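# Okay, sequence plus prediction incoming.
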Amino acid sequence: MTKTPTPTGAGTPHASRVLTAATMLVVTSLIGATTAYADESPSVPPGTEATASAPVELDPNDPDLKLPDGATLAEPKVLDIKQVVEDQSGDERREDTNSDVKFALQAEVLFGKDSAKLGAQAKARIATIAEEIKTQNATKIRVFGFTDNLGSSAHGDVLSRQRANAVHGVLEQELNDSDVTYEVRGYGEQYPIADNSTEAGRKKNRRVEISFPRAESR
């Protein structure tokens with residue numbers, strides 16, 4: 001009886017272990033593989049990270065660093081610095097820059113819901129701002145009204161203008177100065193300063209802003 005020869009190594013326990021190990025290696029490589037993603041919003045542009053030393057050594061005596069004959073430096077310019085002060089409740093916000101002063105009062109502080117009628121406390125608060133205007137000797141006043149994005153845009157435009165007009169009326173009485181001119185506008189839901197998707201944000205957006213030049217910028 002003739003026996004068919006068995007291929008060397010085939011079907012032996014050793015060959016099975018080798019095959020199993022190779023299979024596990026391939027599966028592990030596939031499972032363990034990860035996809036690399038680029039950082040879509042890096043904190044700083046690549047290559048501009050802060051370092052402890054200057055990127056380039058400069059020779060202060062290098063003639064190329066000197067101004068050419070007849071050249072002059074540009075006039076110095078003071079950068080505009082903004083200081084923002086907001087009360088703890090967030091009802092009032094003051095911004096000071098080198099050129100302007102701006103008060104932002106939330107609508108809830110001045111008016112009832114969907115109303116342009118000022119209460120006694122609101123008028124007193126506007127009178128305090130009028131005193132600041134006198135201190136700054138400002139003669140150009142801007143009164144801008146804003147709303148959130150609830151309701152129709154047309155209604156917001158009208159309401160914001162009505163509220164700006166109401167604040168303007170009190171300022172005009174308090175200042176009582178024919179040399180003062182006013183720019184009064186209602187912008188509705190335009191120019192939000194906070195996220196309209198939350199009530200806290202919408203509350204900040206419902207506001208009247210009073211701004212005027214600083215005394216030294218006139």
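Sure, I can see it.

# Just the residues contacting stretch 203-210, thanks.
By C-beta atoms under 8 Å, 6 or more residues apart in numbering, the list of residues contacting stretch 203-210 from outside reads 90, 102-108, 110, 126, 129, 141-149, 163-164, 167, 171, 189, 192-194, 196. (C-beta placed from N, C-alpha, C; glycine too.)

# out of these, which are buried?
Burial by neighbour count, 16 or more other C-beta atoms under 10 Å: within the contacts of stretch 203-210 this picks out 102-107, 110, 126, 129, 141-148, 163-164, 167, 171, 189, 192, 194.

# Okay, now the unreliable bits of the chain?
In the predicted model of the chain, residues 1-58, 60, 65, 67, 73, 76-80, 82, 86-90, 216-218 satisfy pLDDT under 70.

# what about the longest helix in it?
Ranked by residue count under DSSP state H, the longest helix found in the chain is helix 153-175.

# In terms of secondary structure, what does the helix or strand that comes right after that helix contact?
Where DSSP states H and E defines the elements, the next helix or strand beyond helix 153-175 is strand 181-186. If you count contacts as 3 or more C-beta pairs under 8 Å, 6 or more residues apart in numbering; DSSP states H and E, strand 181-186 packs onto strand 140-146, helix 153-175.

# State the next helix or strand along the chain beyond strand 181-186.
Once strand 181-186 ends, the next helix or strand along the chain (criterion: DSSP H and E) is helix 199-205.
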